[in-house]
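In: got a sequence here, can you model it:
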Amino acid sequence: MKKMTDMIKEQDALPGRENAMVISNNHIVLNTPMKPPFDEGMAIVVLGMGCFWGAERLFWSLDGVYTTAVGYAGGFTPNPSYEEVCSGLTGHTEAVLVVYDPNIISLDDLLILFWQEHDPTQGMRQGNDIGTQYRSTIYLDDENDIKIVKSSRERYGHDLNHSGYPEITTEIKSNQKFYYAEDYHQQYLAKNPNGYCGLSGTGVNFLSK
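Out: The predicted structure is shown next:
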């Protein structure tokens, strides 16, 4: 168990491969491209909330979200496979790429859903899903957006602490490459409506302003 929840060192990570995963570029729910270039004015955030199947469905349902995709981010191995990520030997977490129109939905709105729909205090796990690949993460590059994320984390952390939860463990980083997951993972719960969804929030609503 300890090895599953210890972050691998870069020099010990799997080597991966040069070629990117070959996937369809069409989002089967939104009928939009999953890979760049995206329409002008779109913003991007990469979110890790545990198993990426349910997390992707959560965001593709929102008005203002242009497209979503699942993949791997935050680690060291280039173009990893699902099996490699699940081994804990890549450093990656399961993540959702969310491309959205900030004129319709704000980053703050996305973050409220992010915080409320999983438990960001669990470290290297989400519920029964245990391992570094299930850690809570937010990856984005715009400096102002990073300030918004940190402010949001502070406010929701206050709400969680007031309800008896420990500190938020969500990893917030910039300059993290997103690697697309295999085609069968994309929009998995649209293809398999009765498939596994491990999303489970704390029950604490985002109340702080």
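In: got the buried residues for stretch 7-18?
Out: 8, 13, 14, 16 (16 or more other CB atoms under 10 Å). Using the backbone N, CA and C atoms, a C-beta is placed for each residue, glycine as well.
In: a markdown table for those residues, including distance to residue 81?
Out: What follows is the buried residues of stretch 7-18, written out as a markdown table (distance: CB to CB, whole Å):
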| residue | distance to residue 81 |
| --- | --- |
| 8 | 16 |
| 13 | 13 |
| 14 | 9 |
| 16 | 9 |
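In: among those, name the ones in strands.
Out: Using DSSP state E, no member of the buried residues of stretch 7-18 falls in strands.
In: got the CA positions of stretch 156-175 in CSV?
Out: In CSV, the C-alpha atoms belonging to stretch 156-175 read as follows (Å, rounded to 0.1, in the frame of the first residue of the first chain):
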residue,chain,number,x,y,z
TYR,A,156,-13.4,26.0,0.2
GLY,A,157,-10.7,24.8,2.7
HIS,A,158,-12.4,27.1,5.2
ASP,A,159,-15.7,25.5,4.6
LEU,A,160,-14.2,22.0,4.9
ASN,A,161,-12.3,22.8,8.1
HIS,A,162,-15.5,24.2,9.6
SER,A,163,-17.2,20.8,8.9
GLY,A,164,-14.4,18.8,10.5
TYR,A,165,-12.3,17.9,7.4
PRO,A,166,-8.5,18.1,7.2
GLU,A,167,-6.5,20.4,4.9
ILE,A,168,-7.0,20.2,1.1
THR,A,169,-4.2,18.1,-0.5
THR,A,170,-5.0,19.2,-4.1
GLU,A,171,-1.9,19.6,-6.3
ILE,A,172,-1.8,22.9,-8.1
LYS,A,173,0.8,23.3,-10.9
SER,A,174,1.6,24.9,-14.2
ASN,A,175,3.4,23.7,-17.2
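In: so where's the longest helix in this structure?
Out: helix 143-162 (DSSP state H).
In: which residues touch that helix?
Out: 43, 45, 107-108, 111-112, 115, 120-121, 138, 140, 166-168, 170, 172, 174, 202, 204-209 (CB atoms under 8 Å, 6 or more residues apart in numbering).
In: so for that helix, mean pLDDT?
Out: For helix 143-162, the mean per-residue pLDDT is 97.
In: what packs against whichever helix or strand comes after that helix?
Out: Going down the chain from helix 143-162, the next helix or strand is strand 171-173, by DSSP states H and E. On a contact count with 3 or more CB pairs under 8 Å, 6 or more residues apart in numbering; DSSP states H and E, strand 171-173 meets strand 136-139, helix 143-162.
In: strands of this structure, start to end?
Out: 43-49, 65-73, 93-100, 125-126, 129-130, 136-139, 171-173, 178-180.
In: redo those strands as a markdown table? Include mean neighbour count and distance to residue 82.
Out: Putting these into a markdown table (neighbours: other CB atoms under 10 Å; distance: least, CB to CB, whole Å) gives the following:
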| stretch | mean neighbour count | distance to residue 82 |
| --- | --- | --- |
| strand 43-49 | 24 | 15 |
| strand 65-73 | 24 | 8 |
| strand 93-100 | 26 | 9 |
| strand 125-126 | 22 | 17 |
| strand 129-130 | 16 | 14 |
| strand 136-139 | 25 | 17 |
| strand 171-173 | 15 | 20 |
| strand 178-180 | 19 | 11 |
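In: having no further points to raise, I will conclude here.
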